[in-house]
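# what would the 3D arrangement of this be:
(chains A and B)
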Amino acid sequence: ETGVTQTPRHLVMGMTNKKSLKCEQHLGHNAMYWYKQSAKKPLELMFVYSLEERVENNSVPSRFSPECPNSSHLFLHLHTLQPEDSALYLCASKYSTTNTGELFFGEGSRLTVL
Amino acid sequence: GQSLEQPSEVTAVEGAIVQINCTYQTSGFYGLSWYQQHDGGAPTFLSYNALDGLEETGRFSSFLSRSDSYGYLLLQELQMKDSASYFCAVRGRGISSGSARQLTFGSGTQLTVLP
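Predicted structure coming up:
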């Protein structure tokens, strides 16, 4: 138990579906992140929400839409995805002022797009 | 931009010592982190080096040379449970032009510990 909970753990969807991934952290952190993990590739930072700013990776397609209603919850809304979007989506959190390079990750949501 | 290179696979036997190297290129360097990830699990933080030298935490040590843009993770007295993927990550400017300093990860090194 890392203190960061992601649901669902597994998701299979068609290209025309709309679904959402949810992340909740119980650590009192104020910065949250979405990363994409594909096999044999580096973790790719998708979005950052913190007190200071919201950051978007410009290479992330618009079919991925983040939402951060408060400092404990983070969503990733998915629509009209492509098969190449199949991956493990990891949520992470930390205190925005922490400078130790430490992120607390959830176990991820394994997404399969048919 | 930022990029990191680390070996894709390393194999060693129980009780041995293994070193996983990481070289990086980055604009704005603030530190090098190491993470461990077991199959199906969350990446977990192992260590962080902001300054040159060796940091030791139990059986694991991490080294940084900023002048060489190089670091390594040293695992001693290997155990079967150490079989996992190990990622180095650079804390730098990342994808933002602002002040936020984010982690950029390498592709990971799959460590297999044999009996």
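# count the neighbours of residue 56 for me.
Using chain A. 14 (other Cβ atoms under 10 Å in any protein chain shown). C-beta: built from backbone N, CA, C; applies to glycine.
# sorry, should have said chain B
12.
# look up how far chain A lies from it.
To chain A, residue B:56 is 16 Å away according to Cβ to the nearest Cβ, to the nearest Å.
# partners of the helix or strand hosting that residue, with directions?
Here residue B:56, judged by DSSP states H and E, is contained in strand B:53-57. With DSSP bridges as the test, strand B:53-57 is paired with strand B:60-65 (antiparallel).
# list of residues touching the partner strand?
B:31-32, B:34, B:46-55, B:70-76 (Cβ atoms under 8 Å, 6 or more residues apart in numbering or on different chains).
# now stretch A:99-106
The contact list for stretch A:99-106, computed with Cβ under 8 Å, 6+ apart, reads A:2-6, A:23, A:25, A:27, A:29, A:33, A:35, A:90-94, B:30-33, B:42-45, B:48, B:50, B:89, B:91, B:101, B:103.
# about what we covered before: residues in contact with the strand holding residue B:56?
In contact with strand B:53-57 (Cβ under 8 Å, 6+ apart) are residues B:46, B:47, B:48, B:49, B:61, B:62, B:63, B:64.
# please repeat the previous calculation with a cut-off of 10 Å.
Contact with strand B:53-57 is made by B:34, B:46-49, B:61-65, B:72, B:74, B:76, as judged by Cβ atoms under 10 Å, 6 or more residues apart in numbering or on different chains.
# extract the CA atoms of the helix-or-strand element of chain B with minimal mean pLDDT and return them as CSV.
Within chain B, no helix or strand scores below strand B:102-105, which has a mean of 86 by mean pLDDT, DSSP states H and E. The C-alpha coordinates for strand B:102-105 follow below in CSV (Å, rounded to 0.1, in the frame of the first residue of the first chain):
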residue,chain,number,x,y,z
GLN,B,102,10.1,17.2,-12.9
LEU,B,103,11.4,13.7,-13.2
THR,B,104,12.4,12.3,-16.6
PHE,B,105,12.9,8.5,-16.5
